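Asker: this is a predicted model, with the sequence first.
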Amino acid sequence: MSFVDEGIASVLDRFQGDGNINALFVATFTYGRGIAGRQVPGQPLPDHGKQEYDTNFHGGNYARTHEQYYTHTALKEIQAPDHPGFDVLAEVLPQAQSRRIKIFCWYEDVFRRDLEGIDRLQEVTLSGKKASTICFHNPEVQAFWRALTEDYLRSYPIDGVMWGSERQGPFGNAIGAMHGGAGSNPFEVACFCDFCKQEAKSRGIDAERAMEGYRKLANLVRDAREKSRPSDGYFVSLWRLLIQYPEILAWEKLWNDGQKSTYANIYQVTKSIRREAMVGWHIWHNNSFSPFYRATQDYAEFRKYSDFLKVVMYNNCGGPRLASYVNSVSQTIFGDFTAEEVLGLTCKTLNYQETNLAGLPSKGLSANYVERETRRAIAGVQNTVKIWPGIDIDIPTGRDEKKTEPRDVRDAVRAALDTGADGVILSRKYSEMRLANLRAVGEAVRA
Ligand SMILES: [Zn+2]
């Protein structure tokens, strides 16, 4: 969006001059506002770009869609209508290359319900409804990600790709184990489509038992949120359910394996087309909050299909988000504890030293959190995969919650680099960043 609004040359001038930036992760495909479009409506506009909101944002593929690659998927009408005739890769690549700025396609697992053909790809929830998300065990979904990746690699001289999937399996969603998790509906977790049931069958998992287990789990979560305490307490009741229905976690693993197979799929397609193109992944921020989600993000395993990892370490918005996670799970699986106790338990489990629950939303997480997470990631990949921590600059937060200041940016960037990170990825999008914070990156890098 910023390239259209502000001009490619002037944006690149600023990236190089103010930010000391040497690579761009261009949002080429998404239906979400997190990485594309202008500032989220309702949040203050930054001090550059058009001073109005793009309330007609749609999303899709911001490069040209070459239809010959999409023959094995019903989802093919993906051209973003936002900027007719503007092919972001065709326009930006030549200018970036002449400045020796590397270009990565940055695309993510976010869709909308009104797309032609998407219904064939969608997940099915526990109650039997179509979800807005798409199912990794559906062959057309894998074909779609292969098609998009092949399209980018064959159509443009890009340096690499980064894909992100900010999602977790049905267990994590059922217990509300993520930021914003208090709003999760345990009766609508996914996926229970025919492809998943087929996959379960091949693994010897009884789908009916799994769904029965998830329905009991949903009832337990609903009761916990209504403060209807079981006589044995929340934790024991939940653990008992996991013992009685091992299919619950077996289904969680089945979902996770689908996401991992997508990583392997994109990696294989990319390397088969251009060996030297780099492939890496955006690791969702929930990795910083939920120990249950963190357990599924095994850095050692990522070595099989990764050249780099953008591990999200957004410390500013991380404060309100960690508080949000804690407030959610202290109403479900950890209902036997106060929220403050859950925060203490969480920080010990994740190895953080941060502030109390009252201070967390307004103070954010510290640069020390970035340092600890960088160290953990480097140790996890054992020096075989590049670690590029994601640093947040002006990611929107609520009123009275932590806002990014230049000093925060300097401290976080220095913490990552001094701990041995191979670089940092400024997040999420230039169109929401304030210039003083961007300049702070250049200062930190040159320091
Ligand atoms: Zn499915």
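Answerer: Yep, it's here. Numbers count the residues shown, from 1 in each chain.

Asker: pLDDT value on the residue of the chain most remote from its centre, please?
Answerer: Most distant from the centre of the chain: Ser231, at 37.8 Å, with distances by CA atoms, centre = their mean. Per-residue confidence (pLDDT) for Ser231: 97.

Asker: which element is it on?
Answerer: Ser231 belongs to no helix or strand when assigned by DSSP states H and E.

Asker: which parts of the chain sit against the ion?
Answerer: Cys135, His137, Cys191, Cys193, Phe195, Cys196 (CB under 5 Å from the ion). Where you see a C-beta, it was placed from the backbone N, CA and C, and this is true even at glycine.

Asker: let's see it at 6 Å
Answerer: Glu123, Cys135, His137, Asn138, Cys191, Cys193, Phe195, Cys196 (CB under 6 Å from the ion).

Asker: among those, which one sits closest to Ile393?
Answerer: Nearest to Ile393 among these is Glu123, at 32.4 Å by CB to CB.

Asker: ok, that closest one touching Glu188?
Answerer: No: using CB atoms under 8 Å, Glu123 is not in contact with Glu188; the gap is 10.0 Å.

Asker: of the two, which one has the most company?
Answerer: Per other CB atoms under 10 Å, whichever of Glu123 and Glu188 has more neighbours is Glu123, with 26 against 17.

Asker: that one belongs to a strand?
Answerer: Yes: Glu123: assigned to a strand according to DSSP: H, G, I helix; E, B strand; the rest coil.

Asker: now it: how far from Arg100?
Answerer: Distance, Glu123 to Arg100, using CB to CB, to the nearest Å: 42 Å.

Asker: over to Met178?
Answerer: Separation of Met178 from Arg100 (CB to CB): 39 Å.

Asker: cool, His179 as well?
Answerer: For His179, the distance to Arg100 - CB to CB - is 37 Å.

Asker: of those two, who's got more company?
Answerer: Neighbour totals were compared for His179 and Arg100, and His179 leads with 22 against 9 (other CB under 10 Å).

Asker: what is the end-to-end distance of stretch 43-59?
Answerer: One end of stretch 43-59 to the other measures 19 Å (CA to CA, to the nearest Å).

Asker: check stretch 114-124 too.
Answerer: 16 Å.

Asker: what helix or strand does the nearest residue to Gly420 once chain neighbours are set aside sit in?
Answerer: Ranked by CB to CB, 6 or more residues apart in numbering and with sequence neighbours excluded, the top spatial neighbour of Gly420 is Ile378, at 5.4 Å. Using DSSP H and E, Ile378 sits within helix 367-381.

Asker: please apply the same query to Thr73.
Answerer: Going by DSSP H and E, Thr73 is not in any helix or strand.

Asker: which residues sit in contact with it?
Answerer: Gly117, Leu121, Glu140, Val141, Ala143, Phe144, Ala147 (CB atoms under 8 Å, 6 or more residues apart in numbering).

Asker: same list (those) but as CSV, adding pLDDT and neighbour count.
Answerer: Below are those laid out as CSV (pLDDT from 0 to 100; neighbours: other CB atoms under 10 Å):
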residue, pLDDT, neighbour count
Gly117, 97, 15
Leu121, 98, 23
Glu140, 98, 17
Val141, 98, 24
Ala143, 98, 19
Phe144, 98, 24
Ala147, 98, 24
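
Asker: nearest to the ion, of the residues you listed?
Answerer: Taking CB to the ion as the measure, the ion lies nearest Val141 of the contacts of Thr73, at 8.6 Å.

Asker: these two touch, right, the closest one and Leu121?
Answerer: Yes: using CB under 8 Å, Val141 makes contact with Leu121 at a distance of 5.0 Å.

Asker: list residues touching both of these two?
Answerer: Thr73, Ile134, Cys135.

Asker: that older thread, now the residue nearest to Gly420: how far from Thr125?
Answerer: The spacing between Ile378 and Thr125, counted by CB to CB, is 38 Å.

Asker: helix or strand for Ala27, which one?
Answerer: Assigned by DSSP H and E, Ala27 belongs to strand 23-30.

Asker: hmm, I typed the wrong one, I wanted Trp106.
Answerer: Counting by DSSP H and E, Trp106 is part of strand 102-108.

Asker: same question for Asp5.
Answerer: Using DSSP H and E, Asp5 sits within helix 2-6.

Asker: what's that helix packed up against?
Answerer: When contacts are defined as 3 or more CB pairs under 8 Å, 6 or more residues apart in numbering; DSSP states H and E, helix 2-6 sits against helix 88-98.
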